[in-house]
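Engineer: could you look at this predicted model? Sequence included:
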Amino acid sequence: MAARITELVLDCTDPERLAAFWAEVLGYDVLDRDDVSVEIGPPDRRTTLLFLRNPDRKLQKLRLHIDIRATDREQDEELARLLELGATRVDIGQGEDASWYTLADPEGNEFCLLSGRVEP
């Protein structure tokens, strides 16, 4: 028998704002919320993201990050959409010849937009 990841928990100062950003990025719905957290995920709830209020601000590069791929558009089109939603480009030493874009969400958490598409 093995274990399965059911939630990925992200500490943040503003759970509503960060959950709204990631819900739009991933096409997820808000599944639950309370005074200190917002949970988003797909309808099957197989793996969800939980944004948990924490007053501490991010101080350094994350040791674990999210990689995403577009489902219905080219990488450059998805990059434009993510930037419009509030992502910013960041340099963490990936180099100019990288096949991916390194971005940060509205609270500065790094994530990567990989090339190629995946099934929705």
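Structural biologist: Sure thing, it's come through.
Engineer: dump the residue contacts of residue 48.
Structural biologist: 6-8, 28, 31, 39-41 (CB atoms under 8 Å, 6 or more residues apart in numbering). C-beta: built from backbone N, CA, C; applies to glycine.
Engineer: now do the strands in this structure.
Structural biologist: Here the chain has its strands, by DSSP state E, at 7-12, 29-33, 37-41, 48-53, 66-70, 88-89, 101-104, 110-117.
Engineer: out of the ones you listed, which one sits most buried?
Structural biologist: strand 37-41 (a mean of 21; mean count of other CB atoms under 10 Å).
Engineer: any idea how far it is from the chain center?
Structural biologist: Put simply, strand 37-41 sits 12 Å off its chain's centre (CA atoms, centre = their mean, to the nearest Å).
Engineer: residues contacting the residue most central in space within the chain?
Structural biologist: Taking CA atoms, centre = their mean, the centroid of the chain lies closest to residue 22, which sits 5.2 Å from it. Residue 22 makes contact with 28, 40, 49, 51, 105, according to CB under 8 Å, 6+ apart.
Engineer: related to what we said a few turns ago, dump the strands of the chain into JSON lines; add mean pLDDT and distance to residue 79 as well.
Structural biologist: Formatted as JSON lines, these follow (pLDDT from 0 to 100; distance: least, CB to CB, whole Å):
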{"stretch": "strand 7-12", "mean pLDDT": "95", "distance to residue 79": "22"}
{"stretch": "strand 29-33", "mean pLDDT": "97", "distance to residue 79": "24"}
{"stretch": "strand 37-41", "mean pLDDT": "98", "distance to residue 79": "22"}
{"stretch": "strand 48-53", "mean pLDDT": "97", "distance to residue 79": "21"}
{"stretch": "strand 66-70", "mean pLDDT": "96", "distance to residue 79": "9"}
{"stretch": "strand 88-89", "mean pLDDT": "97", "distance to residue 79": "8"}
{"stretch": "strand 101-104", "mean pLDDT": "96", "distance to residue 79": "5"}
{"stretch": "strand 110-117", "mean pLDDT": "95", "distance to residue 79": "6"}
